[in-house]
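Engineer: Attaching a predicted model along with its sequence, questions to come.
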Amino acid sequence: MTSDKIRNGIVSRLSLALLYLLTLLCLGWVSFYSLTEWRVTVDRQVNLQMEVAVSTTPATAPEIVAQQQLLQQTAREAKKRADKAIAVSLVSFGFSAIGFLLVYYLLNLQLQRELAERQRAEEALRQAETKYRSIFENAIEGIFQTTPDGRYLTANPMLAKIYGYSSPAELMAHISDLGQQLYVNPNRRTEFIRLLQQHDTVAGFESQVYRQDGQAIWIAEQARIVRDDDGKPLYYEGIVEDITERKHAEEERAKLIAILEATLDFVATADLDERVNYLNSSACKVFGCDRDRDFTNLHLSNLHPAWAYDLLHREAIPTAIQDGVWVGETAILSHDGREIPVSQLLIAHKSSQGKVKLLSTIARDITQRLQIEASLREAERRWRSLLENVRLVVVGLDRQGIVEYVNPFFLELVEYNSEEVLGKNWYEVFLPPHQRQRVQEHFLQLQQQGLHNYYQNSILTKSGQERLIAWNNTILRDLQGEAIATLSIGEDITERYAIERMKDEFVSVVSHELRTPLTSIHGALNLLSSGLIDAHSDRGRRVIDIASEGADRLVRLVNDILELERLESGKISLLQRSCNAADLLEKATDLMQVMANRAKVTLSVYSQDIQLNVDGDRIIQVLTNLLGNAIKFSPEGSTVELSVEAIEGGENSEFGVLNSELNSASASLSTNILFTVKDRGRGIPEDKIESIFERFHQVDASDSRKKGGTGLGLAICRSIIQQHGGRIWAESVLGEGSRFYFTLPSK
């Protein structure tokens, strides 16, 4: 538009110049034409006068000639003056034209220059406008112009974005009153206008405003008033910056400072020269510092004892600079010289270029914690000592049943070492398969409900033996009450359980065994006392014999019970002395010869002169018991063999004794003395070979009645042999007979 104006100005000026030129041309032409006409007129007048003079005066008259000559002279002079005037007019016109052309040229040249300058100015203005329009459109701050009454005149895209609008047009269309629609507190707009009117400019004016979605944000405004020539405000213009993040950071910083000032921990910062530049309130109290003091003259070495400062200077600070952080335990010095142990965190703060600019530290007084830890360590030492030395099983499991702790007694009991136990699944390794599911269900119920903390189950040793354990279980829980582990303390009750079971069986069997002879005695006495049977008759004497036999059996039973109890309880001491094995066999056979003769059984003895250190009477008791059983269960005319020999390395080729039994008996002995009692009776079933040495166990329940046994003889034999450090066992084939063996140490 400016170029068009310049172009129109040039055309206007050229038009005026052409009009002026045409005017000059017209005036020149008129002057030239007038002079020409004047010359013609003068010429005509001279000619006319000459003609008149000639016509009225004779031609020869000298006056006429003179007059003609004068007229001619006058005419010539008039022509000359006319010609000169014409020439002057033409020259003047020419110079005027040349001057005009020169002026026109200079004017045109000036106009061209002005046009070029105007074009350059317009281009510069256009470029500037483009530049500033780009800045306006792409500025990272919001730019605005508003009327004093709060309407937007202009707004850039960033301002629209800050306020949550899609475009400046949408912003300007929606906001018609800044104070009421935009500001969270409309009074801030009033204050903004007041400051503008007072100072003409406002900078850093912070307010909360609403975005289009209703979210409140923080902005900072910088603005000025644009006035007209009379000083009347036209509009406000300025920039807006979204400072929400900065305000949040400031709020967080304020909170952090409040926390740092409120915390009981010691907080400090220092530069890389180890000069302190900040201490929080707690630190100031400990170090006796004024809160408002300049700390730059305070050095880290002033805050720590020598050993702690050396640790910080030599290890902590270099580590923090390299890794960003260091954690450890040091100490600080209070204003009264006390050394306070602390847990210290040291942080190196780096710039965006990775250069360390500041060191900060947080230290916590751990005096009480160290005292508690010392007490806990002492308590742990005592409890661990108790757990390590108690003769009880102690096992710790996690929630999945993984073994986390066992005490030495447990390892001793199950024959494992700790490496073989820790980390293993308790249910899979140490529980018999038939008990796993039941025990797992019990522990799950215990964890969930906290019930039934007493429990019994068997565990497996490394050799596969089962040991019965009575447990007291404790569930360990976290602060939320969730079960995290189980600590179980158990007592090995295998032997006690076996004894109790034996006692129960013993009481049951004894009750039965006592009832049988008592019943016969009671029945016989009732018959006699009622007078139904004469005591002196044959039948009466038979009844009396039955009662006597019952009484004898009852006495034997009671005696055997008492003797077995004394043997197993250790109340009977063995009187061991040097004996000859052959003498023992001879005495035993002498005692049993009458019984053998009555049963028509032959006793055959194979003896050797072997010296051994035993209680001879007890060994004879064992031999007579074995011989008595052999005689009772041997058919008439058969032979019962009794032998003794020394066995090296647990072998006996003559009798084919099981090597496993002898090897077990002689595991710690180089020589055993093997006694054997062999009969050719009915034999013992294989499934009862092991049980015949138990209390009241007999091959046939009727044997006690037919043969007069109590069922305790073999149990007494086993107890006597075991107290001598030997072993007793049996072999048998049904229908062919049995062999009873026992071993005694040679020394």
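Structural biologist: Good, I have the coordinates.

Engineer: quick one, helices of the stretch 251-400 of the chain?
Structural biologist: Secondary structure of the stretch 251-400 of the chain, counting by DSSP state H, counting those that start in this stretch: helices at 281-287, 306-311, 317-323, 367-389.

Engineer: Can you mark which positions in the second one are buried?
Structural biologist: When neighbours are counted by 16 or more other CB atoms under 10 Å, the buried residues of helix 306-311 are found to be 308-309, 311. Using the backbone N, CA and C atoms, a C-beta is placed for each residue, glycine as well.

Engineer: next structured bit after whatever helix or strand Ile469 lives in?
Structural biologist: Using DSSP states H and E, Ile469 sits within strand 466-477. Tracing the chain past strand 466-477, the next element assigned as helix or strand by DSSP H and E is strand 483-492.

Engineer: what does that next one contact?
Structural biologist: Strand 483-492 has contacts (CB atoms under 8 Å, 6 or more residues apart in numbering) with 392-399, 404-405, 413, 443, 446-448, 467-478.

Engineer: swap the cut-off to 7 Å and go again
Structural biologist: For strand 483-492, contacts defined as CB atoms under 7 Å, 6 or more residues apart in numbering pick out 392-399, 404, 413, 443, 447, 467, 469-478.

Engineer: Likewise for stretch 462-475?
Structural biologist: Contacts of stretch 462-475 (CB under 7 Å, 6+ apart): 393, 413-416, 432, 446-447, 450, 453-461, 483, 486-494, 497.

Engineer: Stretch 402-421 now?
Structural biologist: Contacts for stretch 402-421 (CB under 7 Å, 6+ apart): 387-388, 390-398, 422-426, 430, 459, 461-463, 467, 485, 492.

Engineer: What is the burial count for Leu346?
Structural biologist: If you count neighbours by other CB atoms under 10 Å, Leu346 ends up with 23.

Engineer: Restricting to C-alpha, output stretch 269-283 in PDB.
Structural biologist: C-alpha atoms of stretch 269-283 as PDB (Å, rounded to 0.1, in the frame of the first residue of the first chain):
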ATOM      1  CA  THR A 269      25.400 -28.500  53.800                       C
ATOM      2  CA  ALA A 270      28.900 -27.600  52.900                       C
ATOM      3  CA  ASP A 271      30.900 -26.600  49.900                       C
ATOM      4  CA  LEU A 272      33.800 -28.700  48.400                       C
ATOM      5  CA  ASP A 273      36.200 -26.800  50.700                       C
ATOM      6  CA  GLU A 274      34.300 -28.400  53.600                       C
ATOM      7  CA  ARG A 275      33.000 -25.000  54.800                       C
ATOM      8  CA  VAL A 276      29.600 -25.300  56.400                       C
ATOM      9  CA  ASN A 277      26.900 -23.100  54.800                       C
ATOM     10  CA  TYR A 278      23.700 -24.500  56.500                       C
ATOM     11  CA  LEU A 279      22.700 -26.100  59.700                       C
ATOM     12  CA  ASN A 280      19.200 -26.900  60.700                       C
ATOM     13  CA  SER A 281      17.700 -26.200  64.100                       C
ATOM     14  CA  SER A 282      18.600 -29.600  65.600                       C
ATOM     15  CA  ALA A 283      22.200 -29.300  64.500                       C
END
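
Engineer: shift numbering so it begins at 430
Structural biologist: All right, first residue 430 from here; so that's stretch 698-712.

Engineer: Enumerate the positions of it that are buried.
Structural biologist: So, applying 16+ other CB under 10 Å, buried residues of stretch 698-712: 698-699, 703, 705, 708-712.

Engineer: Let me see the mean pLDDT of stretch 690-699.
Structural biologist: Average pLDDT, stretch 690-699: 86.

Engineer: Partner strands of the strand holding Ile898, with direction?
Structural biologist: Paired strands of strand 895-906, with direction, are strand 883-889 (antiparallel), strand 912-921 (antiparallel) (DSSP bridges).

Engineer: Report the buried residues of the longest one.
Structural biologist: Within strand 912-921, the residues scored as buried using 16+ other CB under 10 Å are 912, 914-919, 921.

Engineer: any idea which of the residues you listed is closest to Ala777?
Structural biologist: Ala914 (39.7 Å; CB to CB).

Engineer: so how far is Lys676 from that closest one?
Structural biologist: 49 Å (CB to CB, to the nearest Å).

Engineer: before we move on, back to that, any chance of JSON lines for the helices of the stretch 680-829 of the chain, columns distance to Asn1058 and mean pLDDT?
Structural biologist: Converted to JSON lines, the helices of the stretch 680-829 of the chain look like this (distance: least, CB to CB, whole Å; pLDDT from 0 to 100):
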{"stretch": "helix 710-716", "distance to Asn1058": "92", "mean pLDDT": "84"}
{"stretch": "helix 735-740", "distance to Asn1058": "85", "mean pLDDT": "93"}
{"stretch": "helix 746-752", "distance to Asn1058": "86", "mean pLDDT": "91"}
{"stretch": "helix 796-818", "distance to Asn1058": "48", "mean pLDDT": "85"}
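
Engineer: Just the buried residues of the contacts of stretch 831-850.
Structural biologist: 816, 821-826, 853, 855, 859, 888, 896, 914, 921.

Engineer: quick revisit: figure out how far the strand holding Ile898 is from the centre of its chain.
Structural biologist: Its chain's C-alpha centre and that of strand 895-906 lie 31 Å apart, by CA atoms, centre = their mean, to the nearest Å.
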